[in-house]
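Trainee: sequence and predicted structure below; questions after.
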Amino acid sequence: MEKFKVLKAVAAPLPLVNVDTDMIIPARFLKTIKRTGLGKSLFYAMRFDETGAEKPDFVLNKDAYRNSKILIAGDNFGCGSSREHAPWSLADFGIRCVIAPSFADIFYGNSFKNGILCITLPQAQVDMLSAKASTGNTAGGAFTVDLENGTITAPDGAVVTFSVDGTKRNNLLNGLDDIGITMQSADKIGAFEDKQRREQPWLYQSA
Amino acid sequence: MTATTLYDKLWNSHVVTSDADGTTVLYIDLHLIHEVTSPQAFEGLRAAGRKVHSPEKTVAVPDHNVPTTADRLLTIKDPEGRLQLEMLDSNCRDFGVPYIPMNDIRQGIVHIIGPELGLTQPGKTIVCGDSHTSTHGALGALAFGIGTSEVEHVLATQTLLTKKSKNMRVLVEGKLPAGVTAKDLVLAIIGKIGTSGGTGYVIEYVGEAFRDLSMEGRMTVCNMSIEGGARAGLIAPDDKTFEYLKGRSHAPKGAAWEQAVAYWRTLKSDEGAHFDKEVVLNAADLVPHVTWGTSPEDVLPISAKVPDPKSFADANKSKAAQRSIEYMGLTVGMPLEQIKVDKVFIGSCTNGRIEDMRAAAAVLKGRKVAKGVGVLIVPGSGQVKHQAEEEGLDAIFTAAGAEWREPGCSMCLGMNPDVLKPGERCASTSNRNFEGRQGVGGRTHLVSPAMAAAAAITGHLTDVRKI
Ligand code: SF4
């Protein structure tokens, strides 16, 4: 996994509540066997019309925001299904950080596993950053998200601090893969199974 | 000893090891797999040269993508969908994972077949790359949805790296009035707590209303826990649960059965156990519910009217309601009962079990589907289909003018041939009314099977109690 230390990029405001995983990527684009290539389907229904042409009003279709790597979103972002295609499509588009008042649990976990930093901030701070993203970017400014120091710096120099869970932070900073970490506990997993086999033998009864 | 909740007990009994910050290696007893969220996980295993840790604790079945027409074995026209199905088959073969193919009577929606085959049992930890894994909590298992990276993690280690959620309790005392079902109960709960009301929690459902529900009804409730934002839903196992499981193909046998039941009886929240959040409803107050918008929390009693966005105190909610009403093509103040439907879908992991088929048949018996309304009834599994046909329900459906299909997710989500056309409106027994969920531009109203059948007859959303 790619490491995440400091991200300097344009932030796109998307102040909608309950943006669900079907909005992030509609189900018909899930018929893939790869993790990549989904960026073109990101926010499909909001981004494109029936003919497949871009909707000029949608934020990521505006010139100032085409290369956004940060999304400033609304409450309960990523609700709905467990499809990891949602963070895959965000990552493939280039989004590495989402800032919102709250996230749906599964989406939140999935994002970190794909190198996307989700930052939860109080609504007022999100609104403030969203407002700065709406004006600041057009002047060519970029936001800086510094995971090591836990700061977001807006184009005008305003600073907001944030914190994320220690393990998630550490894994992102070092680009660590969960499976490798867990496999270091193989002995403990084996011991758990031995104990379970003794205490709950029916779980090991072959059907 | 301190009093613990059912969730605490299930969690504690599966901790392999845990860090100071709470990050836990949690042992997984059953891993269910389907074609959509697994190919990338197997690809990852192959790339890293890893094996499946415990193939015998893993079961795969295709459901999301499969066509539901009788000719489905001959040809799957969509090349991408076909590739996903072929990949599942070959991945299972390569890694030694048990696989239930499309032509097997046991095939069906993954959350229907788990309990049906007795794979789902009280006390187990169960995961699947699908958010509606919460369904299995109806049997007292700790069950939740995971993403594909986690699918890969469980395949490789039979564990999950995760943190504990908080405890929430939903208490509903009293008896549900006639005509009010498990679906109405869970819709009312979501209406009350909102789609993020359960975020960060595992919900235990307690009280007479849940105890009285059949196992199928309990599954409907737990299924939609995720629509309330919760990681999982739980109902403590009781005699009804054991009765349901006894004799199922993967249920414990012989002396092991007695031993298992003795353990299962210990699976309940202790008196005085701490819950971080509690919500209380009174069953006697409940009525049939229906959604009007594009979020499951946009739900009201069938007797209500399309709400005015201005009536929402929160500015963001008001904006969302405005957007929903436009998308749904409704007018403010219009009685919900006047909303005409083009399609009716009865099925899905929420309401695709035998009891749901019976409830629909009870309304459709001897009646005709309204002119111009297309009705699709899709059993959740091959076994549900078989049983419904034994009981003659299929004949009732087809005589009424509905279509009776092969098992699968079908019109619950727009990724197989069963989709709504843009602008089409559907009374659906599924669980999500998101924009485009049932097909691009499709409009979804979530209802119970009886309410869906009532809408099929009248051609508009209808209070089934009037029929
Ligand atoms: S029936 Fe619908 S909700 Fe259930 S698993 Fe299938 S697609 Fe998901």
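Mentor: Arrived safely, thanks for sending.
Trainee: residue 123: neighbouring residues, count only.
Mentor: As the question left the chain open, I've gone with chain A. A:Gln123 has 14 neighbours, counted by other CB atoms under 10 Å in any protein chain shown. Just so you know, the C-beta spots here come from the backbone N, C-alpha and C atoms, and that holds for glycine as well.
Trainee: think we crossed wires, I meant chain B
Mentor: 23.
Trainee: against the ligand, how distant is it?
Mentor: 23 Å (CB to the nearest ligand atom, to the nearest Å).
Trainee: got the phi and psi for B:Gly174?
Mentor: B:Gly174 has phi and psi values of phi 90, psi 180 when expressed as degrees, to the nearest 10.
Trainee: mind checking pLDDT for the residue lying closest to it once chain neighbours are set aside?
Mentor: Residue nearest to B:Gly174 in three dimensions, not counting chain neighbours: B:Ala283, with 3.7 Å by CB to CB, 6 or more residues apart in numbering or on different chains. pLDDT for B:Ala283: 97.
Trainee: could you pull out the strands for chain A?
Mentor: A:6-9, A:11-14, A:70-73, A:97-100, A:117-120, A:143-146, A:151-153, A:159-161 (DSSP state E).
Trainee: measure the residue nearest to B:Gly174 to the ligand for me?
Mentor: Distance from B:Ala283 to the ligand, by CB to the nearest ligand atom: 26 Å.
Trainee: show me what stretch B:84-99 is in contact with.
Mentor: With contacts defined as CB atoms under 8 Å, 6 or more residues apart in numbering or on different chains, stretch B:84-99 is touched by A:31, A:33, B:33-36, B:38-39, B:42, B:45, B:51-52, B:55-56, B:58-62, B:65-66, B:76, B:101-102, B:155.
Trainee: would you agree B:Gly228 is in contact with B:Gly194?
Mentor: Yes - using CB atoms under 8 Å, B:Gly228 is in contact with B:Gly194, at 7.5 Å.
Trainee: can you pull out the helices in chain A?
Mentor: A:21-24, A:44-47, A:85-93, A:105-113, A:123-136, A:166-174, A:178-183, A:186-199 (DSSP state H).
Trainee: ignore what I typed, I meant the stretch 51-200 of chain B.
Mentor: B:79-95, B:110-116, B:148-157, B:182-193 (DSSP state H, counting those that start in this stretch).
Trainee: so can I have CSV of those showing distance to A:Cys79, mean pLDDT and mean neighbour count?
Mentor: Shown next, in CSV, are the helices of the stretch 51-200 of chain B (distance: least, CB to CB, whole Å; pLDDT from 0 to 100; neighbours: other CB atoms under 10 Å in any protein chain shown):
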stretch, distance to A:Cys79, mean pLDDT, mean neighbour count
helix B:79-95, 25, 93, 17
helix B:110-116, 19, 98, 28
helix B:148-157, 18, 96, 27
helix B:182-193, 12, 98, 25
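Trainee: redo the ones you listed as TSV? Include distance to A:Glu54.
Mentor: Shown next, in TSV, are the helices of the stretch 51-200 of chain B (distance: least, CB to CB, whole Å):
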stretch	distance to A:Glu54
helix B:79-95	24
helix B:110-116	37
helix B:148-157	29
helix B:182-193	35
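Trainee: and the nearest residue to A:Asp20 once chain neighbours are set aside, what does it touch?
Mentor: With CB to CB, 6+ apart as the criterion, A:Asp20 has its nearest non-adjacent residue at 3.8 Å, and that residue is A:Gly80. Counting by CB under 8 Å, 6+ apart, A:Gly80 touches A:20-22, A:104, A:107, B:131, B:432, B:434.
Trainee: which stretches of chain A aren't confidently modelled?
Mentor: Applying pLDDT under 70 to chain A picks out residues A:136-140, A:206-207.
Trainee: how is it carved up into domains?
Mentor: A:6-176, A:178-207 (automatic domain parsing).
Trainee: just those domains: most buried one?
Mentor: domain A:6-176 (a mean of 19; mean count of other CB atoms under 10 Å in any protein chain shown).
Trainee: what's the span of that domain, first residue to last?
Mentor: 17 Å (CA to CA, to the nearest Å).
Trainee: what do you get for stretch B:230-238?
Mentor: 23 Å.
Trainee: go through it and flag the buried ones.
Mentor: B:230-237 (16 or more other CB atoms under 10 Å in any protein chain shown).
Trainee: ok, B:Ser269 to B:Tyr205 distance?
Mentor: Note on B:Ser269: its distance to B:Tyr205, by CB to CB, to the nearest Å, is 11 Å.
Trainee: between these two, which has more neighbouring residues?
Mentor: Taking other CB under 10 Å, B:Ser269 and B:Tyr205 do not tie; B:Tyr205 has more neighbours (26 against 21).
Trainee: confirm for me that that one is in contact with B:Gly228.
Mentor: No - at 10.9 Å, B:Tyr205 and B:Gly228 do not qualify as touching, with contact defined as CB under 8 Å.
Trainee: with adjacent residues omitted, what lies nearest to B:Pro67?
Mentor: B:Pro67's closest residue in space is B:Pro417 (CB to CB, 6+ apart), at 5.1 Å.
Trainee: which ones are touching the one you found?
Mentor: B:Pro417 touches B:67-69, B:77-78, counting by CB under 8 Å, 6+ apart.
Trainee: check contacts around the closest residue to A:Ser111 other than its chain neighbours.
Mentor: Nearest in space to A:Ser111, with sequence neighbours left out and distances taken as CB to CB, 6+ apart, is A:Pro87 at 4.5 Å. By CB under 8 Å, 6+ apart, the contact set of A:Pro87 is A:107, A:110-111, A:113-114, A:116, B:147.
Trainee: any idea which of these is closest to B:Leu446?
Mentor: Among the contacts of A:Pro87, A:Phe107 lies closest to B:Leu446 (CB to CB), at 21.3 Å.
Trainee: so what's B:Lys277 up against?
Mentor: Taking CB under 8 Å, 6+ apart, one finds B:166-169, B:201 in contact with B:Lys277.
Trainee: so which of those are also by the ligand?
Mentor: Checked against the ligand using CB under 6 Å from any ligand atom, the contacts of B:Lys277 yield no neighbours at all.
Trainee: quick check: the farthest pair among these?
Mentor: Top of the distance list for these (CB to CB): B:Lys166 and B:Arg169, 10.8 Å.
Trainee: so which of these two has more stuff around it?
Mentor: B:Arg169 (23 against 16).
Trainee: and that one, bridged to which residues?
Mentor: In this entry, B:Arg169 is beta-bridged to B:Glu204, B:Glu278, by DSSP bridges.
Trainee: residues contacting the one residue in chain A that gets nearest to the ligand?
Mentor: With CB to the nearest ligand atom, the shortest gap between chain A and the ligand falls at A:Ser81, namely 7.0 Å. Contacts for A:Ser81 were tallied using CB under 8 Å, 6+ apart; they are A:20-22, A:106, B:130-131, B:145, B:432.
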